[in-house]
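Trainee: Provided below for reference: sequence and predicted model.
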Amino acid sequence: MSHKKLLRAIWSLAKAYGLAKGDDRTKLDSILLRQTGKTSMKLCSDAELKKVLAYIKAHKTSEELKRPGLSTAQEKKLFALAYALDWDKKDGVRVSGRIEKRINGFCKKMAKVENYRWLSAAQAHQIIEGMKAMATAKGGNHATSEPVGNTEAIPSSNHDTFH
């Protein structure tokens, strides 16, 4: 099967199984990341796409496919709280790439999930609540649903930017 046909087959099944609805590709992106370690199908080899396709076919009735993943709003909240907690800084100095590593470390410790993008909606909620408690203990009231801290540097939900 050609690369183009593999992509069509994956998108067809993803839409049929509710993994990609409109702009919400969270479930499909999560499967792609777990199966290949990549965040874009464009970057995948034919063998990797076949692996993703086989996974979707094998789990089409699985609760794992039906489980809603991390939403864009939850992702933004994770980053907003991480900035409020100064997780982007080391010894008071901002360090590039540090914040995502800190979020992933917290997710690994609290939810036993290696990457924040793999969190279910329920797990993301628990992580956010834990981060809110930490931010409140640090000296602020971050229990609102409004983003806090420096939100300009929050990555967009364009998943091709995470490589």
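Mentor: Happy to help now that I have it.
Trainee: what stretches of the chain score poorly on pLDDT?
Mentor: 21-24, 60-68, 140-163 (pLDDT under 70).
Trainee: so which residue is smack in the middle of it?
Mentor: Arg117 (1.9 Å; Cα atoms, centre = their mean).
Trainee: what packs against the strand or helix carrying Tyr55?
Mentor: Assigned by DSSP states H and E, Tyr55 falls within helix 46-58. Helix 46-58 sits against helix 3-16, helix 26-36, with contacts defined as 3 or more Cβ pairs under 8 Å, 6 or more residues apart in numbering; DSSP states H and E. For the C-beta atoms, the positions are set from N, CA and C on the backbone; glycine is no exception.
Trainee: residues contacting the closest residue to Lys90 other than its chain neighbours?
Mentor: Leaving aside its sequence neighbours, Lys90 sits nearest to Arg98 (Cβ to Cβ, 6 or more residues apart in numbering; 6.4 Å). Shown in contact with Arg98 (Cβ atoms under 8 Å, 6 or more residues apart in numbering): 87-90.
Trainee: now the buried members of these.
Mentor: Among the contacts of Arg98, the ones that count as buried by 16 or more other Cβ atoms under 10 Å are 87-88.
Trainee: which one among the contacts of Arg98 gets closest to His125?
Mentor: Trp87 (18.9 Å; Cβ to Cβ).
Trainee: can you pull the contacts of the closest one?
Mentor: Contacts of Trp87 (Cβ under 8 Å, 6+ apart): 98-99, 102-103.
Trainee: go on, His125?
Mentor: Contacts of His125 (Cβ under 8 Å, 6+ apart): Gln74.
Trainee: would you tell me what helix or strand it is located in?
Mentor: Here His125 is assigned to helix 121-138, by DSSP H and E.
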